[in-house]
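Engineer: what follows is a protein structure lacking sequence information:
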C-alpha cells in the first residue's frame with residue numbers, strides 16, 4: 001500500500017517501511033529552490049520521527065535527479081539551503097536513518113551534493129554525476145568539496161572538482177560512488193528494494209552503525225573505541241537485541257520495537 005502526500009514540488013510516499021521523496025519539478029530539471037528545500041527537509045524530519053519508517057529514498061521526477069540550484073530563484077533572493085542544516089536540510093545534518101539516492105539522468109552541482117548526502121546510491125545506466133562549478137569560477141561549497149573526497153579516492157575527487165567534467169554511472173560504480181547500476185527507469189524500484197533489506201534489520205542497530213561510520217573519521221585515534229562503545233552499548237542492552245537473538249533461536253522473523 002502506498003500512502004502519498006505532496007506540496008506539488010516534492011512528492012512523499014510510503015512503501016511499507018520505506019519513505020520515497022521525489023523532487024517534482026521535471027520542467028525545471030528538478031532545480032532546487034526554497035520550496036523544494038523546505039519540503040525535503042520536512043520529509044527527512046518525518047523519516048527520523050516516525051518509528052514505522054526505517055529508511056528513505058531520494059529521487060527526482062521525469063528522468064532527472066536534479067540539475068542543482070535554481071538560478072532564477074536565487075536571483076529572487078531564495079536559497080535551497082536550510083540554516084544550520086545545509087542544502088535541502090541534509091548536506092550538513094543528514095538524517096539519522098539510512099537515506100538512499102535513486103539517480104536517473106543528471107545529478108549536477110547541488111543535485112550531486114544531495115547524492116553525496118545519501119548513504120547509498122542506485123543509478124540508472126544513463127546517469128551522470130558532476131560538479132561543474134569551476135567552469136563558472138564558482139566553488140562546489142554545498143558539500144562536494146568536503147564530502148566527495150570521503151566517498152571516492154582523492155585523485156578522482158580532484159578530477160571531478162577541478163575539471164568540472166561529469167562521471168558516468170559505470171565509472172561512478174567502479175570508483176565506489178555508486179552501489180548498484182541498473183537499467184534506466186528502474187533506479188527507484190531497485191533503491192526501494194535495497195532500502196527494504198535495510199529496513200528489515202534492527203532499527204537501533206542500523207542507526208547506531210550509520211552514526212559510527214559517519215562520526216568515526218573525526219574521532220581522535222586514542223578515543224575511537226570508547227566513543228564507539230558509548231554509541232553501541234545501549235543497542236546491545238536493548239529489547240531489540242534480545243528479540244534478535246530469541247528470534248534466531250526460535251527460527252522466526254524478529255519483531256522490532258525500536259527499544
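Structural biologist: Arrived safely, thanks for sending. The structure presented is a predicted model; accordingly, all values stated were derived computationally and were not measured.

Engineer: without its sequence neighbours, what residue ends up closest to residue 40?
Structural biologist: Closest residue to residue 40 apart from its sequence neighbours, by C-beta to C-beta, 6 or more residues apart in numbering: residue 88 at 4.0 Å. For every residue, glycine as well, the C-beta is placed using N, CA and C.

Engineer: just residue 118 next, same as before
Structural biologist: Closest to residue 118 by C-beta to C-beta, 6+ apart is residue 101, at 3.9 Å.

Engineer: state the distance from that neighbour to residue 153.
Structural biologist: Note on residue 101: its distance to residue 153, by C-beta to C-beta, to the nearest Å, is 20 Å.

Engineer: quick one: which of those two has more around it?
Structural biologist: residue 101 (29 against 11; other C-beta atoms under 10 Å).

Engineer: need the contact list for the more buried one.
Structural biologist: Residues counted as contacts of residue 101 (C-beta atoms under 8 Å, 6 or more residues apart in numbering) are 57, 58, 59, 65, 107, 114, 115, 118, 120, 121, 122, 191.

Engineer: switch to 7 Å and redo it
Structural biologist: Taking C-beta atoms under 7 Å, 6 or more residues apart in numbering as the criterion, residue 101 is in contact with 58, 115, 118, 121.

Engineer: average pLDDT across stretch 201-217?
Structural biologist: Across stretch 201-217, pLDDT averages out at 94.

Engineer: not counting that stretch itself, show me its contacts.
Structural biologist: With contacts defined as C-beta under 7 Å, 6+ apart, stretch 201-217 is touched by 54, 96-98, 119, 198, 224, 228, 231-232, 235, 238, 240, 244, 256, 258.

Engineer: tell me where the stretch 1-150 of the chain has strands.
Structural biologist: Using DSSP state E, counting those that start in this stretch, the strands of the stretch 1-150 of the chain run over 2-6, 10-15, 18-23, 55-60, 81-82, 86-87, 99-103, 106-108, 120-124, 128-130.

Engineer: now the last one: how far from the chain's centre is it?
Structural biologist: The reference is to strand 128-130. Relative to the mean C-alpha coordinate of its chain, strand 128-130 is positioned 16 Å out (C-alpha atoms, centre = their mean, to the nearest Å).

Engineer: that strand pairs with which strands, parallel or anti?
Structural biologist: Partners of strand 128-130 in the sheet, by DSSP bridges, are strand 106-108 (parallel), strand 167-168 (antiparallel).

Engineer: I'd like the next helix or strand past the shortest one.
Structural biologist: Read it as strand 167-168. Next in sequence after strand 167-168, counting helices and strands by DSSP states H and E, comes helix 169-174.
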